[in-house]
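J.: Could you work out the structure for the sequence below:
(2 chains)
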Protein chains: 2
Amino acid sequence: MQYSDSILKTPSSFIRNILKVTDAADVISFAGGLPNPISFPIDALKQSVNDSIDSSGAKLFQYSTTQGYLPLRQYIADKYNKKQPNLNYTADDVLITTGSQQALELISKVLLNKGDGVIIEEPGYLGAIQAFTLREPTFYGITLETEGLNVGQLKAALKKPDIKMVYTVPNFQNPTGLTYTKERREEVFEAVKDKDVIFIEDDPYGELRFTGEHLPYIAAGKMANSVVLGSFSKTVTPGMRLGYMLTKNHELLNHVETAKQATDLHTNIFAQYILHHYLTNNAYEEHVEKIIALYKEQADAMLAAMETYFPPHVSYTKPEGGMFIWVTMPEGVNALEKFNEAMEQKVAFVPGNPFYTTNKEVNTMRLNYTNATPEIIEEGIKRLGKIL
Amino acid sequence: MQYSDSILKTPSSFIRNILKVTDAADVISFAGGLPNPISFPIDALKQSVNDSIDSSGAKLFQYSTTQGYLPLRQYIADKYNKKQPNLNYTADDVLITTGSQQALELISKVLLNKGDGVIIEEPGYLGAIQAFTLREPTFYGITLETEGLNVGQLKAALKKPDIKMVYTVPNFQNPTGLTYTKERREEVFEAVKDKDVIFIEDDPYGELRFTGEHLPYIAAGKMANSVVLGSFSKTVTPGMRLGYMLTKNHELLNHVETAKQATDLHTNIFAQYILHHYLTNNAYEEHVEKIIALYKEQADAMLAAMETYFPPHVSYTKPEGGMFIWVTMPEGVNALEKFNEAMEQKVAFVPGNPFYTTNKEVNTMRLNYTNATPEIIEEGIKRLGKIL
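T.: The predicted model follows:
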């Protein structure tokens, strides 16, 4: 059997393959990217299931609409408008997806012909690289600096033919933990505002800010072709696969709706009812504050240990939120070789390789801090320091 | 913005557009395709939610594996082996999908390059036509006769270049309600068995058989490139979007797993736990017997009314199970015009058009009987008889 060109190009998860060797009980793993399970509001969700079944019965179990449960769409629009009033979203600007990963895949399906251009951060989110690759695009990787996308490279890439979209993770990016500065957001917006491209701001971690204030989105509220992606995976539960996209471009949204219908008809409506009930009957913001406090403590523990145990020739990011720290070793150091050395010390990370759109040797790694206690984080960083 | 060629070719749902006009309270609608909500085991599912949360806690809420929840995969393999022992499925042959619609989309993604050949029943399942169209294939529509696919046409189509798959719904097909005979199954198998094609048997209705016995699958258990698709949407709940694919071709399954990971990471694990608990703690077979009795009564009422009120120049199928009856009017009658006449009589159906891969005038319609009482069915068929 000859499989499609696109699936043969699509990388299966490097991270998943790594997790197979890092799962051993005596390994301290910073390789995962899972929310801490103590962040799931299990009792409240259980109550919401029972209440929702009692009040809405069969509606939770029947086929439903592709765009998603209207009260949940309204809740999401209101939430964003409250955070940033110039967004002015309505429920009609929202489409519920089977996790925000699905939004990436649907958008690429409605935008990309083979060879079309996609501008993406380098390093960038692995799941986006996978989803886009299914459409066989031409990737233009733009260096992600401490302040955000390199604007000179961005402007040059925007002159390339058939550029259809720019993909960014402006807050606490995966894999780097970096956040675009206010100034860089404005510069990036100036570079794209008159271009016929879809500008995606993927923001699954935005609510998990430890320090500083919410910064305005780059293009949302200012540009018709703006798309914001969000998720409840990092604040309520990833297991229910509930994400969404927000856009004022209803032509795009209608195409995405058609693509979604052909893909999975609609997102689990049972889960949408439960989530909406949970959000509107509990102190959601207090819940998020607890997750923030937890992750901040873990991030601080990791950064303090890195300060103590890492040699000065190793640099790393200092995230204002989210789940990841990005480490850069001296030039010439091969992250894959370091991974093997680290495993001998019973500590694991993700080598930077899968976060680039080209195969090359890299000297970077991603560390996750949300799934270990401060004590274990310190021990793991100490082990890692030995091999650096 | 220039959207992708494939999305511009993909039909948005004809049925959904029809449902907008057929939703009025005084219209008797045979246009839908929804399970009867009284078939949902709501109390038992509620119990399963509570028990599953109590016993498995955070595991229901965390990220999970792309292939699906192992005990559910094992349950599905066992269930098929019990129904037809030569299938010999193991849990490794099963992948859980976000509804069986997603399996269609994933398989087409891993198999089809633009222009590759897809053999499909004509008329065929609308959702499959939509999912496959996203890959811009060449469709070869093969006449679906009362006994099954026309084998002469099938053999001719199999000689065309780059045929990648044959898509069938062997039991109580949507839209026709037809079931392949045992003999035709064997003839179809003989035609495909030595070909390098994936043979899909999509079987969402297979358990809902009113009369006769389970017939062996066409290719499953006999051909490495066989794929069987199934669903819990018609027997437990469609709202949770739980389907699956079964195949012994693990190269195909691995590619589908990669595609699924890039598409939505994994299927809602909360719903998978609940479903598995429900299936293993309740009398599922008795539950299905109740749905069968309900739908049989409704199908019998519709067929009896058609016998009474339809003129002799109108023919129709007599389903052995499932949810649909297919009506053929005399040649030259335009189903779309009849739809408008029917709406004046306050009765609705789906004109046959969207079930063909080419745009043409057709004299056929699909009737659904699972969502009305026998009395209302009789009244609706009486109204329909007037305009036929």
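J.: If we ignore the residues flanking it in sequence, what's nearest residue A:296?
T.: Among residues not flanking residue A:296 along the chain, residue A:210 sits closest, at 4.1 Å (Cβ to Cβ, 6 or more residues apart in numbering or on different chains). Where C-beta positions appear, they are placed from N, C-alpha and C, glycine not excepted.
J.: I'd say that neighbour and residue A:323 touch.
T.: No: Residue A:210 is beyond contact range of residue A:323, at 11.1 Å (criterion: Cβ atoms under 8 Å).
J.: ok, residue A:334 to chain B distance?
T.: For residue A:334, the distance to chain B (Cβ to the nearest Cβ, to the nearest Å) stands at 26 Å.
J.: With residue A:380 instead?
T.: On the measure of Cβ to the nearest Cβ, residue A:380 and chain B end up 21 Å apart.
J.: Backbone dihedrals for the residue nearest to residue A:296, both of them.
T.: phi -80, psi -40 (degrees, to the nearest 10).
J.: in chain A, which ranges drop under the pLDDT threshold?
T.: Along chain A, the model assigns pLDDT under 70 to residues A:13, A:16.
J.: At which residues are the helices of it located?
T.: Using DSSP state H, the helices of chain A run over A:5-9, A:14-22, A:42-56, A:70-83, A:100-111, A:126-133, A:151-158, A:182-192, A:250-264, A:269-281, A:284-309, A:335-344, A:374-387.
J.: quick one: which of those is nearest residue A:206?
T.: Closest approach to residue A:206 among the helices of chain A is made by helix A:70-83 (8.4 Å; Cβ to Cβ).
J.: circling back: ok, so what distance separates the residue nearest to residue A:296 from chain B?
T.: 22 Å.
J.: Same question for residue A:271.
T.: In terms of Cβ to the nearest Cβ, residue A:271 sits 6 Å off from chain B.
J.: check contacts around that residue.
T.: Contact analysis of residue A:271 by Cβ atoms under 8 Å, 6 or more residues apart in numbering or on different chains lists A:240-242, B:240, B:268, B:270-271.
J.: among the residues you listed, which are in strands?
T.: Those of the contacts of residue A:271 mapping onto strands are residue A:242, per DSSP state E.
J.: For PyMOL, write the select line for the buried members of the contacts of residue A:271.
T.: PyMOL command restricting those to the buried ones, with burial defined by 16 or more other Cβ atoms under 10 Å in any protein chain shown:
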select buried, (chain A and resi 240+241+242) or (chain B and resi 240+268+270+271)
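J.: deepest of the helices of chain A, which one?
T.: Mean neighbour count (mean count of other Cβ atoms under 10 Å in any protein chain shown) peaks for helix A:100-111 among those, with a mean of 27.
J.: what does the stretch 151-300 of chain A put close to chain B?
T.: Counting by Cβ under 8 Å from any Cβ of the partner chain, the positions of the stretch 151-300 of chain A adjacent to chain B are A:164, A:196, A:198, A:225, A:233, A:237-241, A:249, A:251-252, A:254-255, A:257-259, A:261-271.
J.: thinking again about what came up before, from the contacts of residue A:271, which two are the most distant?
T.: Pairwise distances across the contacts of residue A:271 peak at 12.9 Å for A:242 and B:240 (criterion: Cβ to Cβ).
J.: Need the residues touching each of these two.
T.: With Cβ under 8 Å, 6+ apart as the test, residue A:242 and residue B:240 both reach A:268, A:271.
J.: give the contact list for the closest residue to residue A:380 other than its chain neighbours.
T.: Computed as Cβ to Cβ, 6+ apart, the closest residue to residue A:380 that is not its neighbour in sequence is residue A:28, at 3.7 Å. Going by Cβ under 8 Å, 6+ apart, residue A:28 touches A:346-348, A:372, A:376, A:379-380, A:383.
J.: Quickly list what residue A:28 is bridged to.
T.: Under the criterion DSSP bridges, residue A:28 forms beta bridges with residue A:347.
J.: Tell me how far it lies from residue A:14.
T.: Residue A:28 is 20 Å from residue A:14, where distance means Cβ to Cβ, to the nearest Å.
J.: pull the CA atoms of stretch A:89-106 into CSV?
T.: Coordinates of each C-alpha in stretch A:89-106 appear next as CSV, following Å, rounded to 0.1, in the frame of the first residue of the first chain:
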residue,chain,number,x,y,z
TYR,A,89,-16.3,39.1,20.6
THR,A,90,-19.8,37.7,20.3
ALA,A,91,-20.9,34.1,20.5
ASP,A,92,-20.9,34.1,16.7
ASP,A,93,-17.2,34.6,16.7
VAL,A,94,-16.5,31.4,18.6
LEU,A,95,-16.3,27.8,17.4
ILE,A,96,-15.7,25.0,19.9
THR,A,97,-13.1,22.4,18.8
THR,A,98,-12.0,19.0,20.0
GLY,A,99,-9.0,20.6,21.9
SER,A,100,-7.2,23.6,20.4
GLN,A,101,-5.0,21.1,18.5
GLN,A,102,-8.0,20.5,16.3
ALA,A,103,-8.3,24.2,15.5
LEU,A,104,-4.8,24.1,14.1
GLU,A,105,-5.6,21.2,11.9
LEU,A,106,-8.9,22.6,10.7
